[in-house]
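> Turn this into a model:
(chains A and B)
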Amino acid sequence: MSSRIYQRLAQGFLSAHPYVVAESDALVSILSACTPRELAAGERLCEEGDPGIELYFLLRGAIRVLKANPSGGHTLLGTVEAPALLGQMAILDRTRRSATCVAVDTALVVVMDQPSFGQTIRSTGSDGHTLRRLLLSSLTRQLVHSNARLRSLTTDRSGQFVPADPSAAEVQMQRARAMLEVQTETQTPVDLCLEDPTAECPDVNE
Amino acid sequence: MRSSPLDAVRFYLQGLASLYLGEDVAMDHIQSLLDRSPPVELPAGQVVFQEGEPAGSALMVLRGRLVATVNTADGGHVVGESGAWEVVGETALYAPDQPRSATVRAVQDTTCLVLSQGDLAAQQDNPVVAALEYHLLHTLAQRVRASNRAIEDAWQDLQEQTEMLS
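Below is the predicted model of the structure:
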């Protein structure tokens, strides 16, 4: 890809993270040092259980995030739309992938491998603080969204927090109401938290 | 707020930089950070953040203990405790439009580093700041995992209750 395309993609990425103070040139440098990968519709980007040794910058398209369920199918956790980061928690914690990522339609990602990630994340140069701030912004959004969802499952009708009490009818009603709200809610680009665990997603290319 | 025992703070920051960057940092870098963001001491009982108020900074606990509570009909419910090296109020840095989600109070005499995005950006070439940001990333990753696990548990409870009711 040309530097002009990377420049435009980097600006789009930074626009999606308005609280990140960074120079787009630094992000262009990061993106152009990564390996581009085009995905066909339904193609897997990564698999649940794989080692978390890559960070993905989703530049075009959308990715479904799925988790295997006990019945042998997949549960849809969310859909992530470009521009977005994927795979950041596993590469930070050096753990295995907690979910499978599949392209909805054609998608473009650039892949940062573990050695490059380790070097850049520790860097005191502009590439280092740009990467750290993008990751901080992305994880903060995930946390705010997850906490809001959790709160909706543990508050009563007046908005007061209620400690978990399975026998309380009010809690049951609130949770049922929250479930209905969740099922009809539109996904946000960074929504990777658990949605409806009962939703099956059969259209995964093996 | 009184001035803190700076030697202990320097020791903590040197350890943090060594842990995350894999190398020792010059004392000048640590001093530069402390000159801009001097540690604060919070006496036991002091309220640090109030639930619902605007947020602008995070705290890294260097010594002591903070407790977070949320309002309930019968007063308050404890939702978390933080001790040395732990970060509190970290969402303020990259989601400043979100109000404080809990009230945070010192339950012991506590020393904290106050972290704002402006202070961190102003010293972005300082390796101690790089280590602090890396530490924040690990904190956030742990919180997201914990929150997702709690949501999963809540969904399982809901499914079991629905089955019991049907």
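
> where in chain B is pLDDT low?
Applying pLDDT under 70 to chain B flags the ranges B:1-5, B:166.

> can you give me the strands for it?
Under the criterion DSSP state E, chain B contains strands at B:40-42, B:47-49, B:57-63, B:66-72, B:75-82, B:87-88, B:103-106, B:110-116.

> Quick check: which of those strands is nearest to A:Leu92?
Ranking the strands of chain B by proximity to A:Leu92 (Cβ to Cβ) places strand B:87-88 first, at 14.7 Å. From N, CA and C alone the C-beta is placed, and that goes for glycine too.

> quick one: B:Leu113 and B:Met60 touch, right?
Yes: between B:Leu113 and B:Met60 there is a contact at 4.5 Å, judged by Cβ atoms under 8 Å.

> Between the two, tell me which one has more neighbours.
B:Met60 (26 against 23; other Cβ atoms under 10 Å in any protein chain shown).

> what's the burial count for B:Val67?
Applying other Cβ under 10 Å, we find 19 residues neighbouring B:Val67.

> Same question for A:Arg37.
14.

> check which helix or strand covers it.
strand A:35-39 (DSSP states H and E).

> Could you list the buried residues of that strand?
A:Leu39 (16 or more other Cβ atoms under 10 Å in any protein chain shown).

> Please state the offset of it from the chain centre?
Here the centre of strand A:35-39 is set off from its chain's centre by 18 Å, with Cα atoms, centre = their mean, to the nearest Å.

> next helix or strand past that strand?
Sequence-wise, the next helix or strand downstream of strand A:35-39 (DSSP H and E) is strand A:44-46.

> ok so, going back, mind checking which of the strands of chain B is nearest chain A?
Of all those, strand B:66-72 sits nearest to chain A, with 4.6 Å by Cβ to the nearest Cβ.

> As CSV, could you dump the C-alpha coordinates of that closest one?
C-alpha atoms of strand B:66-72 as CSV (Å, rounded to 0.1, in the frame of the first residue of the first chain):
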residue,chain,number,x,y,z
LEU,B,66,-8.4,3.0,49.0
VAL,B,67,-11.9,1.5,49.0
ALA,B,68,-14.5,2.1,46.3
THR,B,69,-18.2,2.1,47.1
VAL,B,70,-21.4,2.7,45.0
ASN,B,71,-24.6,4.2,46.4
THR,B,72,-27.4,1.8,47.4
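
> ok, and does the helix ranked longest in chain A reach over to chain B?
Taking DSSP state H as the criterion, chain A has its longest helix at helix A:126-153. Yes: part of helix A:126-153 sits near chain B under the criterion Cβ under 8 Å from any Cβ of the partner chain, namely A:126, A:128-129, A:132-133, A:135-137, A:139-144, A:146-147, A:149-151, A:153.

> filter those residues to the buried ones?
If you count burial by 16+ other Cβ under 10 Å, the buried members of those come out as A:126, A:128-129, A:132-133, A:135-137, A:139-144, A:146-147, A:149-150, A:153.

> sorry, back to before: specify the angle between the longest helix of chain A and strand B:66-72 in degrees.
Calculated by axes from the mean of the first three to the mean of the last three Cα atoms, to 10 degrees, helix A:126-153 forms an angle of 40 degrees with strand B:66-72.

> and helix A:126-153, how far from the chain's centre?
Distance of helix A:126-153 from the chain centroid (Cα atoms, centre = their mean) equals 10 Å.

> mean confidence score for that helix?
For helix A:126-153, the mean pLDDT works out to 90.

> which residues touch B:Arg145?
B:Arg145 makes contact with A:Met89 under the criterion Cβ atoms under 8 Å, 6 or more residues apart in numbering or on different chains.
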